[in-house]
Every structure is written in C-alpha cells, then in structure tokens.
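Chemist: Got a predicted structure here, sequence first:
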Amino acid sequence: MSGPQTIIDKLWSAHEVARREDGAALLFVDRHYVHEGSFLAFDQIRKRRRTVAEPALTFGIADHYVPTRGRDRPIADPSIADMVGKLETNTTGNGISLFGLGDPRQGIVHVVGPEQGLTLPGLLIVCGDSHTSTHGAFGAYAFGIGASEVAHVLMTQTLWQKKPSRMRVTISGKAAPGIAAKDIALSVIARIGADGARGHAVEYAGSAISALSMEGRMTLCNMSIEGGGRCGIVAPDAVTFAYLKGRPFAPKDAAFDRAVEAWSGLASDRDAIFDREVTLDAGAIAPIVTWGTTPDDALPIDASVPDPAREADPARARYLRDALDYMGIAPGKKLTGIAIDRIFIGSCTNARIEDLRAAAAVLAGRKSKVPGLVSPGSSTVKRQAEEEGLDRIFRDAGLEWVDSGCSMCVGINGDVVPPGERCASTTNRNFRGRQGPGARTHLMSPAMVAAAAVTGHLTDVRQLLPGRKAEG
Amino acid sequence: MEKFVRLVTKACPLLLANVDADQILPARFLKLPRSSELGRVLFHDLRRDAEGNERPDFPLNRPVWRDARVLVAGRNFGGGSSREAAVYALYEAGIRCVVAPSFGDIFAQNAVKNGLLTPALSEADVAELGAAIAADPDMPVTVDLEQQTISRGNRSFTFSIDPVSRNQLLNGWDDVDLTDSYATRIAAFKATDRERRPWARPTRS
C-alpha cells in the first residue's frame, strides 16, 4: 500500500503472509492466549492428529472457571475441576507455558498478558475470548476468535481474515475529575450503538486518549467489542513504553530501545484516511451507568430511564418495555433512585491496580450498604493492592476480598448474582443472565460502583469525592 | 465442512434485536463438549421459564416451527461473546441458516466455519419476511446461496454476504487443508520476519 497509512493498515500488512483472490488474507499470529474454554479447540487438533505449531508463542492462563476462594483446597465442584484440569493437560501436554491455578502470575488473561510483557506494540494477538480487544491498548492488533479459529492458530500459527473497515474514534478535550475510561467507553457505545463498529477495527485517538494511563486505555479497548468492533487500538507512545520497560517477557536493554524505535513508527500517518470518523468531546462526558440489557442502554447518572409510552417507534417501545421489565425498573424512573442489592468490582474490564485504587479512594473510611465482592484482575494485582493496603479498605467497608479470575462477570466459576438481584458492576456486559440466571446488571466505573456501595443506590460519585484523591 | 448450496425448509421468526451469544447459549452450558445436548439447551433462558418449563410463546416452542431449519432474527444477532458453542447449539438443533439485518462479527465468522449460513437482509425485508411467515407458518422458504436469494411463494429477497464466506460455504472448504497448501510461504514469512521484527518473540527473564 502506498500513501499515508493508518495504524490498522500498518499492523495488518506487517502480518500478511498471503492474500487470496477473494480478499481473504492469511495473517501470522505473534501471541496466542488460551484458557479453560479453549478445550474445544484442543479436541479438534486431537481429532485431526495434529500438533501445536508454535508452543513458544502460545500461553495458557486459567481464568474463566477458577474459584476465587479456598485456593488452598482442591476445587470442590468436579465439573469446574475438570475444566481447570483440561487446560493443564492441554497446555503442558503440548509444550505450552501455563499460568495456572497456584502460579503467582495467574489472573485474567487480558490483565496477565500485558502485565507480563507478553503483549507488545506491533503484535498480532488472538485468544478465544471476545475481550481480546483489550490488548490493542498497546498498539497491537488483537481480536477474539472462536474455537475453530483457535484450533487453526494452534495448528498453523496463522489465521484467515478479511480486512475490516477502519474507524477512528477521537475523544478531544479533557475529561473532568471523577470521569474514568469506563465513562468514555460507555459514552462511545451509547453514541454508536452496540453494533455501531460492526465490521470495523477502531483506533482511539485524541487528547483525552493520550491522557489515559495504560489501565484506562485497556478498559477502553476492552469495551470495543461491546460497540460491535472486534478490535480497538491506541497508538503506542511514551506512556506505553514506560509501562512495558522491565516487564518479564518484554525485550531488554538495547533490544528494548530498538523495539521502541520500531514501535514509534506505528502511529497513523498524519493524512491517513479512515472509512468512518466519530468525535466526542471529553469535557461533555459525565459518569455513565447502564439501565437495560445491552451496553448501549447507557445514560449519564443524572438522567432517567426511558419511558416506552413516549417512544414513537413501536419496535423500540417493545424493546424498552422488555428491557425495563427484565431489569425490574419502572418507566421514567430516575437512575439515582434505583436501589442495588450487591456490588462487584472485577473482570478484564476494570480490575487493574488503578481501578482498585479508584474504588478504594471512594470507600476509604466508609461502609458498603450492600454485600459485594472485589476480585483483582490478577494475582500480581492482588499482591500489589495488599501492599498498598487497599484490601483493608475493601474489607473494612464490609466487602469480600477474593482471589483473581473472571469471577462474577461470567457466572460459571461459583460467583453469581442470585436471580432477581441487582448488581452495580465494573464488568462489560449487562446481557440478560450474564452474571447468573435472572441477574440484573448495571455497568459503571469502579469509582461509581464504590459510590453505589456507599449509598445503596446508583449515585454520582462526584458527590462523594470532595476532600479525597479523585481518580482522573 | 458441510457445503451449503440450497435449502428448502420452514422458517421460524425470532424478531428480537440484540439476541447476544449469551442468549443463544448461556455460559453455564459452555462446559459441554460438542454434542446433541447443546441443541437441547439452545436459547435456554429465553425458551424456558425459571422452573425449566417451555414458554409456549417462544417461537421455536410452537409445534409448527420445531423442525424449522431457518431462523429469521432481529438486528445484531450473536453479538458479544466469541463462544463458538453458540453456533454448535444452533447447528445441533437443526438450524442451517439465520437471516437477520446484522450479526456479531465473531458469530458470523464462527458460523461460516461450521456450515451455518448468515445472510443479511435489510430491516424492512426481515420485517416483511417475518410477518409473512407468521401469517402462514407452514409455507417453506428456499435459501439459495449461489443466487443469493431467499424466496417464499413468489416473493424473493436478494441477500448480501461477503464473498469470502460465500466461497467457503459453497465449496465446503476446510481452512486447515487450505492453509497447509501455504506452508512454504508461512515458512518464508517466519524467516524474514525474525530479521524484520526481532522484538516480536517473547523473551524470558
């Protein structure tokens, strides 16, 4: 390709092994993360009597099914023990490194990869999990794939893909104090819709993105899939390089400096053309919560839920009625009037150290009015939080401080929201039944979840911040 | 992989928007291996009440549509999770084609790997097709991938599908066999790539 290129074009062409007449490209995969759910793919390669092509580029991480309590004992539920055991045999049996249960590096795959320096700018990264978009925060081309594609990558270290359209989301200006990356992410999704970025790779740019920490960029890229985009990307910069320096699997010394030189050329060229551009003013973004059953059912905390009776489009009115009925919320109710039953702080979206600090800043010296669970994004984050005394703040507030895993975000490891209960959650999906059958989920930032815990209802965290170290 | 060329069958309308992959197959069933059991838990929480009894108003529970092999669905079908087992569940339940205005990208890609056709029609066409089926539930539809049409009686809709997926489904291509024929090019790529991007492989500390 000649002429100015976007970061999407640069990443794509660096990995293209071949291209077919119909436009499909064979891409080389630099990193492949597998988890317990990847067993279906390992079943496929066994059936074909094949082996893993590049075990050194493949890393196993136990996260989806791991219990978050009682790690000193054998797993009580045999079906969960079986899932964790399968990952162990599938990885070690194929020469793949495993960060399994009991490994000090264990955690959620999208937290561990970056933390260990496995995720780097310029890489093509895949995993059988839709939130693989998270790794794009480093200027990597990262996307979630299904089991057949996982099997294909295991066998060939490549993948057939059609090049997506290119979209740039520019967040200009400066976010107000108390506004988190989650608020930016939910604002983008509310603007474009839950399928708004379908068929697109998304680059996030603008002054409010440059101002984000790596943790914030990961939250934003993580939520790309909730706007329909398979991957979200932020061009690597000094913030990225500072985060990566000294990470266990990252290049060292002179090799690191040479890598930084190469990575610095990845940013979109000045006049590069995107197929679609969306711009938001960071200054206009307020704390956001979801009220319904898709992530684009998101509104500023001072708003009221929609009233189907005032909706002109009958199909939309039916959707609103169904969503409000499932959520158990009266039409037109003020968001701040919605009482919650429990809170959850965790998941690949919002369980990194900065997220825990933001929640702790609100909770320090206060009590939670509802029960709740705090599950750090990784065992490393857990140790760091304990060194900083954050665990004490959560425990003193009356919350449970547990081990790391996907926990209550996915509801398959023993941590679930009981039927009919309402949970203020730092997770990524408010789908029906996502946190357990009949569970009602409201998505928001860690600070907003902490605020809801303190008051017992959805709350504008900015009212609880005066005199405290606010999270930017 | 099984080819998809042409299919004549009953179609079942499921005209809800945003039926995400969690609705198609709730996460608690993801431990199941690929088996017919997955077909029985398809749409489990939409299809059954909290006691596990079938909801009579759910379209696939109506006797006339139990053997339908085409679903006519709302916008953004299969969004969210990358779980391929959602596609297995549809396939094991006998569904070979889901028509909708749009699909989750990963879902659509998983579908094509498993011989499940996901043709896109406009919102208006989906609404028209769904209403026509509801009015006369027994009348079959014909899905023709070569012609890119879905027809019912003398009404025919032309659908869009990306050429890569169309090729793969019409030919029943197996990706791995195809990729194996590129082995030399993959090896050459790896050799030059090591020079070009020495930082790309993980180091050990």
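Modeler: Sure, I can see it.
Chemist: From now on I want contacts and neighbour counts done on CA atoms only, so please keep to that.
Modeler: OK.
Chemist: Contacts only, for A:Thr307.
Modeler: Actually, residue A:307 is Asp. It isn't Thr. A:320, A:331-332 (Cα atoms under 8 Å, 6 or more residues apart in numbering or on different chains).
Chemist: The same query, at a cut-off of 6 Å, please.
Modeler: A:331-332 (Cα atoms under 6 Å, 6 or more residues apart in numbering or on different chains).
Chemist: For B:Arg83, see how far away it is.
Modeler: As defined by Cα to Cα, to the nearest Å, A:Asp307 lies at a distance of 34 Å from B:Arg83.
Chemist: pLDDT on the longest strand seen in chain A, on average?
Modeler: Ranked by residue count under DSSP state E, the longest strand found in chain A is strand A:165-172. Per-residue pLDDT values over strand A:165-172 give a mean of 98.
Chemist: tell me the angle of whichever helix or strand comes after it relative to strand A:165-172?
Modeler: Using DSSP states H and E, the helix or strand that directly follows strand A:165-172 along the chain is helix A:181-192. Counting by axes from the mean of the first three to the mean of the last three Cα atoms, to 10 degrees, helix A:181-192 points 120 degrees away from the direction of strand A:165-172.
Chemist: If you count contacts, what does helix A:181-192 end up packed against?
Modeler: helix A:214-222 (3 or more Cα pairs under 6 Å, 6 or more residues apart in numbering or on different chains; DSSP states H and E).
Chemist: For chain B, what lies in contact range of chain A?
Modeler: B:28, B:81-84, B:110, B:164, B:199, B:202-205 (Cα under 6 Å from any Cα of the partner chain).
Chemist: Now pLDDT too, for these, in TSV please.
Modeler: Formatted as TSV, the residues of chain B next to chain A follow (pLDDT from 0 to 100):
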residue	pLDDT
B:Arg28	96
B:Ser81	97
B:Ser82	96
B:Arg83	97
B:Glu84	98
B:Asn110	97
B:Val164	85
B:Trp199	97
B:Pro202	95
B:Thr203	90
B:Arg204	72
B:Ser205	51
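Chemist: What is the most widely separated pair among these?
Modeler: Within those, two members stand farthest from each other by Cα to Cα: B:Val164 and B:Ser205, at 42.2 Å.
Chemist: Looking only at neighbour counts, state which of these two leads.
Modeler: Higher neighbour count among B:Val164 and B:Ser205: B:Val164, with 17 against 10, using other Cα atoms under 10 Å in any protein chain shown.
Chemist: so the more buried one, which of the three states?
Modeler: Here B:Val164 is helix, with the state taken from DSSP: H, G, I helix; E, B strand; the rest coil.
Chemist: Identify the spatial nearest neighbour of it, chain neighbours not counted.
Modeler: Once flanking residues are discounted, B:Val164 sits nearest to A:Asp22: 5.8 Å by Cα to Cα, 6 or more residues apart in numbering or on different chains.
Chemist: Residues in contact with the helix or strand bottoming out on mean pLDDT in chain B: which ones?
Modeler: Every helix and strand of chain B was ranked by mean pLDDT, DSSP states H and E. The lowest is helix B:163-171, at a mean of 91. Residues outside helix B:163-171 that contact it (Cα under 6 Å, 6+ apart) are A:22, B:3-5.
Chemist: now swap in stretch A:414-426 and tell me
Modeler: With Cα under 6 Å, 6+ apart, stretch A:414-426 has contacts from A:340-345, A:350, A:407-408, A:435-446, A:449.
Chemist: Show me what counts as buried in that stretch.
Modeler: Buried positions in stretch A:414-426, judged by neighbour count with 16 or more other Cα atoms under 10 Å in any protein chain shown: A:414-418, A:420-426.
Chemist: how far does it stretch from start to finish?
Modeler: End-to-end for stretch A:414-426, by Cα to Cα: 18 Å.
Chemist: re earlier: of the residues of chain B next to chain A, select the buried ones using a PyMOL command.
Modeler: Buried residues among the residues of chain B next to chain A (16+ other Cα under 10 Å), as a PyMOL selection:
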select buried, chain B and resi 81+82+83+84+110+164+199+202
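Chemist: Now, the residues of chain B next to chain A that are in helices?
Modeler: B:110, B:164 (DSSP state H).
Chemist: chain center to stretch A:169-176, what's the gap?
Modeler: 20 Å (Cα atoms, centre = their mean, to the nearest Å).
Chemist: Kindly export that stretch (C-alpha atoms) in CSV.
Modeler: The C-alpha atoms that make up stretch A:169-176 are tabulated as CSV, following Å, rounded to 0.1, in the frame of the first residue of the first chain:
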residue,chain,number,x,y,z
VAL,A,169,-12.9,7.5,17.4
THR,A,170,-11.4,10.8,18.5
ILE,A,171,-12.0,11.9,22.1
SER,A,172,-10.9,15.6,22.2
GLY,A,173,-10.5,17.9,25.1
LYS,A,174,-10.0,16.9,28.7
ALA,A,175,-12.2,14.7,30.9
ALA,A,176,-13.4,16.3,34.1
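Chemist: Any chance you could list what contacts it?
Modeler: Contacts of stretch A:169-176 (Cα under 6 Å, 6+ apart): A:204-208, A:278-283.
Chemist: buried stuff in it?
Modeler: So, applying 16+ other Cα under 10 Å, buried residues of stretch A:169-176: A:169-175.
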